[in-house]
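Chemist: Can you look at this prediction? I've put the sequence above it.
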Amino acid sequence: DVKVTQSSRYLVKRTGEKVFLECVQDMDHENMFWYRQDPGLGLRLIYFSYDVKMKEKGDIPEGYSVSREKKERFSLILESASTNQTSMYLCASSSPSEASNQPQHFGDGTRLSIL
Amino acid sequence: RKEVEQDPGPFNVPEGATVAFNCTYSNSASQSFFWYRQDCRKEPKLLMSVYSSGNEDGRFTAQLNRASQYISLLIRDSKLSDSATYLCVVNIRGGANNLFFGTGTRLTVIP
């Protein structure tokens, strides 16, 4: 069974702090994703990585950066946290060999509050 | 216009009822379709893929109507454990980063 693990379930940070959200997957998936989920807006893609050190912007990359130094780990960084980044953050992974049909596997989510 | 739209609900149904959700998508070239289930404060999990010919998994039936650009999920004999939010997911252009998620339809099954 695919396991996607996010480092924290709940996190509270202050405005202006640099925040790191970590995600690890154990299925040797090339693709990894970061989403945020907000009421009424659904899941929105922040960044996507298809290989080590490779990244692509999603729909809402502003205020975020990512790091993929190892295949199994994909980090989301909030450079200077703001209150509008309070949200549920979901990491996912998938296999590119079945890109159109292989659904994404999600981590448990990190509920981040910026005060 | 959103890529994927669903009725947010909530749908409140008694145990044993049959309930159906629809989801519309805007891009006629969309290639693959899924229903995910998300429990409160949990991550989305794949419920079932949706195939062109329609497919069934126990009490759940998924259908695709390409002409009208919608997919549906039918749940028969609803159980209390079916209470969750159901997300419609569409792969618009193929490729791993082209999944679009609906905002979800909330279902509550009442004893």
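Modeler: Looks like it arrived, so ask away.
Chemist: Enumerate the residues of chain A near chain B.
Modeler: A:31, A:33, A:40-43, A:45, A:48, A:50, A:56, A:58, A:90, A:94, A:96, A:99-101, A:103-109, A:111 (Cβ under 8 Å from any Cβ of the partner chain). C-beta here means a position set from N, CA and C on the backbone, and glycine is covered the same way.
Chemist: let's see it at 7 Å
Modeler: Residues of chain A lying close to chain B by Cβ under 7 Å from any Cβ of the partner chain are A:31, A:40-43, A:45, A:48, A:50, A:56, A:90, A:94, A:96, A:99-101, A:103-104, A:106-109.
Chemist: Of those, keep whichever come out buried.
Modeler: Among the residues of chain A next to chain B, the ones that count as buried by 16 or more other Cβ atoms under 10 Å in any protein chain shown are A:31, A:42-43, A:45, A:48, A:50, A:90, A:94, A:99, A:103-104, A:106-107, A:109.
Chemist: For the nearest residue to A:Met32 once chain neighbours are set aside, the count of nearby residues, please.
Modeler: Excluding its sequence neighbours, the residue lying closest to A:Met32 (Cβ to Cβ, 6 or more residues apart in numbering or on different chains) is A:Phe74, at 3.9 Å. Using other Cβ atoms under 10 Å in any protein chain shown, A:Phe74 has 29 neighbouring residues.
Chemist: helix or strand right after the helix or strand containing A:Phe74?
Modeler: In the assignment (DSSP states H and E), A:Phe74 maps to strand A:73-78. The helix or strand immediately downstream of strand A:73-78 is strand A:87-94, counting by DSSP H and E.
Chemist: Report the buried residues of that following strand.
Modeler: A:Ser87, A:Met88, A:Tyr89, A:Leu90, A:Cys91, A:Ala92, A:Ser93, A:Ser94.
Chemist: And for stretch B:28-36?
Modeler: B:Ser30, B:Ser32, B:Phe33, B:Phe34, B:Trp35, B:Tyr36.
Chemist: What about the residues you listed, which are in helices?
Modeler: Nothing among the buried residues of stretch B:28-36 maps onto helices, per DSSP state H.
Chemist: State the pLDDT value of the spatially most central residue of chain A.
Modeler: Nearest residue to the geometric centre of chain A (Cα atoms, centre = their mean): A:Trp34, 2.4 Å. Confidence at A:Trp34, expressed as pLDDT, is 96.
Chemist: Burial check on B:Arg59, number of neighbours?
Modeler: Around B:Arg59 there are 13 other residues, counting by other Cβ under 10 Å.
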